[in-house]
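K.L.:
structural data only, the sequence is not supplied:
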């Protein structure tokens with residue numbers, strides 16, 4: 001049962017899709033304490049909404065929340081505070097609804113994937129492996145980051161992906177010192193590291209994978225930077241398992257990097273949950289209070305970023321199991337040399 005208190009109105013579109021299967025830009029679900037649910041949306045999505053079994057349906061005006069407010073006037077309901085803007089809250093209250101904020105109910109359900117969800121994520125991860133393997137055969141030198149990013153995106157589409165999990169990152173040399181670099185138009189030179197962070201969507205579920213390549217021969221220092229990041233990533237993987245706190249997995253990934261006196265260059269968390277969204281619960285970072293459990297799918301992605309110099313990140317998509325964890329992205333993490 002989703003709620004034990006007052007009826008719960010869900011307006012986050014990913015949560016609406018998770019509970020009902022309806023993908024739209026303008027819908028909400030009212031879940032009653034007995035588990036029954038009513039879907040609200042406008043004319044544009046009404047034909048699909050009517051076909052959903054096990055869920056009631058009410059067609060509303062396009063201005064959704066005032067319409068829902070009129071229908072629920074006089075009732076006490078909970079709402080998703082993370083997904084309801086203040087204007088929407090005012091629309092409910094002005095219509096006479098006693099609206100009480102709540103959070104995290106559906107997100108906690110989404111954090112544990114079922115068999116079908118895991119199967120979709122396996123397919124997305126396998127497609128990522130296929131594209132990274134093909135990318136390793138491509139020429140990097142003399143091409144722009146933007147050109148390679150477009151190659152990745154086009155290849156995902158041609159291979160059958162519904163879309164991208166996020167804009168592809170291709171970051172060469174000093175550009176790689178930014179974790180969320182934006183691909184540019186300068187030509188990639190030989191002798192640098194290139195970080196590629198990419199993912200696709202299959203059956204609505206995301207993949208996420210990062211590999212760092214060497215373009216031609218690189219210095220021992222850069223190769224050592226990659227080796228250090230790989231050591232940290234393997235330690236993070238070894239720490240992931242059921243009943244493990246996200247903060248503890250994060251700590252395990254930092255030991256080698258901090259021993260090399262580069263802790264300051266690893267400024268983000270070890271990872272995050274992945275599913276219908278590319279960032280969701282649980283999280284693996286220093287302040288995390290999440291405890292991992294079987295069925296969680298998370299990224300494990302330490303990085304080292306030296307401003308104005310270079311960067312490296314290595315990332316796998318990982319399923320938490322009863323025994324530990326299973327890598328879903330299997331493409332090699334060794335430092336591959338590309339042309």
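P.N.:
Nice, I can see it. Predicted model only: the values in this text are computed from it and were never measured.

K.L.:
hey, let's count contacts and neighbours off CA atoms from now on
P.N.:
Will do.

K.L.:
secondary structure class for residue 77?
P.N.:
Under DSSP: H, G, I helix; E, B strand; the rest coil, residue 77 falls in the strand class.

K.L.:
so it touches residue 102, yeah?
P.N.:
No. Residue 77 is beyond contact range of residue 102, at 9.8 Å (criterion: Cα atoms under 8 Å).

K.L.:
quick one: the helices in the stretch 1-150 of the chain, in order.
P.N.:
For the stretch 1-150 of the chain, the helices defined by DSSP state H, counting those that start in this stretch occupy 13-20, 43-50, 64-71, 86-94, 105-110, 115-135, 145-158.

K.L.:
which one, of those, ends up nearest to residue 329?
P.N.:
Between residue 329 and the helices of the stretch 1-150 of the chain, the tightest spacing by Cα to Cα is seen for helix 115-135, at 5.2 Å.

K.L.:
how far out from the middle of the chain is that closest one?
P.N.:
On the basis of Cα atoms, centre = their mean, to the nearest Å, helix 115-135 sits 14 Å off its chain's mean C-alpha point.

K.L.:
quick one: that helix to helix 145-158, angle?
P.N.:
130 degrees (axes from the mean of the first three to the mean of the last three Cα atoms, to 10 degrees).

K.L.:
if you count what's nearby, which of residue 77 and residue 102 comes out ahead?
P.N.:
Taking neighbours as other Cα atoms under 10 Å, residue 77 and residue 102 compare with residue 77 leading, 21 against 14.

K.L.:
beta partners of that one?
P.N.:
With DSSP bridges as the criterion, residue 77 is bridged to residue 99.

K.L.:
please tell me how far it sits from residue 38.
P.N.:
14 Å (Cα to Cα, to the nearest Å).

K.L.:
just residue 333 next, same as before
P.N.:
47 Å.

K.L.:
any idea how far residue 183 is from residue 260?
P.N.:
Distance from residue 260 to residue 183, by Cα to Cα: 29 Å.

K.L.:
same question, residue 250
P.N.:
For residue 250 relative to residue 183 (Cα to Cα), the value is 28 Å.

K.L.:
and the strands in the stretch 151-300 of the chain?
P.N.:
163-164, 169-172, 192-198, 200-202, 205-206, 209-215, 271-273, 280-284, 297-300 (DSSP state E, counting those that start in this stretch).

K.L.:
pLDDT at the residue nearest to residue 25 when sequence neighbours are not counted, what is it?
P.N.:
Distances taken as Cα to Cα, 6 or more residues apart in numbering place residue 13 nearest to residue 25, at 6.5 Å, with adjacent residues excluded. On pLDDT, residue 13 comes in at 92.

K.L.:
what about residue 13, neighbour count?
P.N.:
Residues near residue 13, counting by other Cα under 10 Å: 18.

K.L.:
with residue 220 instead?
P.N.:
Quick note: residue 220 (other Cα under 10 Å) scores 9 neighbours.

K.L.:
how close does it sit to residue 308?
P.N.:
From residue 220 to residue 308 the distance is 18 Å (Cα to Cα).

K.L.:
show me which of residue 260 and residue 183 is the more surrounded one.
P.N.:
residue 183 (22 against 11).

K.L.:
quick one, what contacts the more buried one?
P.N.:
Counting by Cα atoms under 8 Å, 6 or more residues apart in numbering, residue 183 touches 144-146, 149, 169-171.

K.L.:
make a ChimeraX selection of whichever of these turn out to be buried.
P.N.:
In ChimeraX, this line selects whichever of these come out buried by 16 or more other Cα atoms under 10 Å:
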select :144,145,146,149,169,170,171
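
K.L.:
that older thread, any chance of the helices of the stretch 1-150 of the chain in JSON lines, plus distance to residue 267?
P.N.:
Shown next, in JSON lines, are these (distance: least, Cα to Cα, whole Å):
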{"stretch": "helix 13-20", "distance to residue 267": "29"}
{"stretch": "helix 43-50", "distance to residue 267": "43"}
{"stretch": "helix 64-71", "distance to residue 267": "40"}
{"stretch": "helix 86-94", "distance to residue 267": "33"}
{"stretch": "helix 105-110", "distance to residue 267": "26"}
{"stretch": "helix 115-135", "distance to residue 267": "26"}
{"stretch": "helix 145-158", "distance to residue 267": "24"}
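
K.L.:
to residue 214, which of those lies closest?
P.N.:
When the helices of the stretch 1-150 of the chain are compared by Cα to Cα, helix 115-135 sits nearest residue 214, at 12.6 Å.

K.L.:
return the residues in contact with the closest residue to residue 241 other than its chain neighbours.
P.N.:
The shortest distance from residue 241 to any residue other than its chain neighbours is 4.0 Å, reached at residue 324 (Cα to Cα, 6+ apart). Listed by Cα under 8 Å, 6+ apart, the contact set of residue 324 reads 238, 240-242.

K.L.:
next, give phi and psi for the residue sitting furthest away from the middle of the chain.
P.N.:
No residue in the chain sits farther from the centre than residue 74, which is 38.3 Å out by Cα atoms, centre = their mean. Dihedral angles of residue 74 (phi, psi; degrees, to the nearest 10) stand at phi 90, psi -10.

K.L.:
I'd like the strands of the stretch 151-300 of the chain as TSV, with distance to residue 121 and mean pLDDT appended.
P.N.:
Formatted as TSV, the strands of the stretch 151-300 of the chain follow (distance: least, Cα to Cα, whole Å; pLDDT from 0 to 100):
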stretch	distance to residue 121	mean pLDDT
strand 163-164	13	96
strand 169-172	20	98
strand 192-198	14	98
strand 200-202	7	98
strand 205-206	6	98
strand 209-215	12	98
strand 271-273	12	98
strand 280-284	14	97
strand 297-300	9	98
